[in-house]
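what would the 3D arrangement of this be:
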Amino acid sequence: MTIEQVTDLGGGDALRLPRARVLPLSAPPSSYTAAVERYLTGAG
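The predicted model follows:
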């Protein structure tokens, strides 16, 4: 899958949103419960 950067949104009045922070995970969670715990811990 390729992600292409958008260079023209069609107008000068386009709403610009801040980029989301992408944090790499060290390893995938071992279970659904571990994934939920990781999410809740990171969500604050």
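
in the chain, what residue spans correspond to helices?
32-43 (DSSP state H).

and the strands in the chain?
For the chain, applying DSSP state E gives no strands.

flag the shaky bits of this protein, pLDDT-wise.
1-14, 25 (pLDDT under 70).

burial measure for residue 31, as a count.
Neighbour count of residue 31, defined by other Cβ atoms under 10 Å: 8. (Each C-beta comes from the backbone N, C-alpha and C, glycine too.)

can you tell me how far it sits from residue 38?
Residue 31 is 11 Å from residue 38, where distance means Cβ to Cβ, to the nearest Å.

what of residue 18?
24 Å.

between those two, which one's more packed in?
Neighbours per residue (other Cβ under 10 Å) separate residue 18 from residue 38, with residue 38 holding more: 13 against 5.

can you pull the contacts of the closest residue to that one other than its chain neighbours?
Spatial nearest neighbour of residue 38, chain neighbours left out: residue 29 (5.7 Å); criterion: Cβ to Cβ, 6 or more residues apart in numbering. Neighbour list for residue 29: 35, 37, 38 [criterion: Cβ atoms under 8 Å, 6 or more residues apart in numbering].

can you do 10 Å?
Counting by Cβ atoms under 10 Å, 6 or more residues apart in numbering, residue 29 makes contact with 35, 36, 37, 38, 39.
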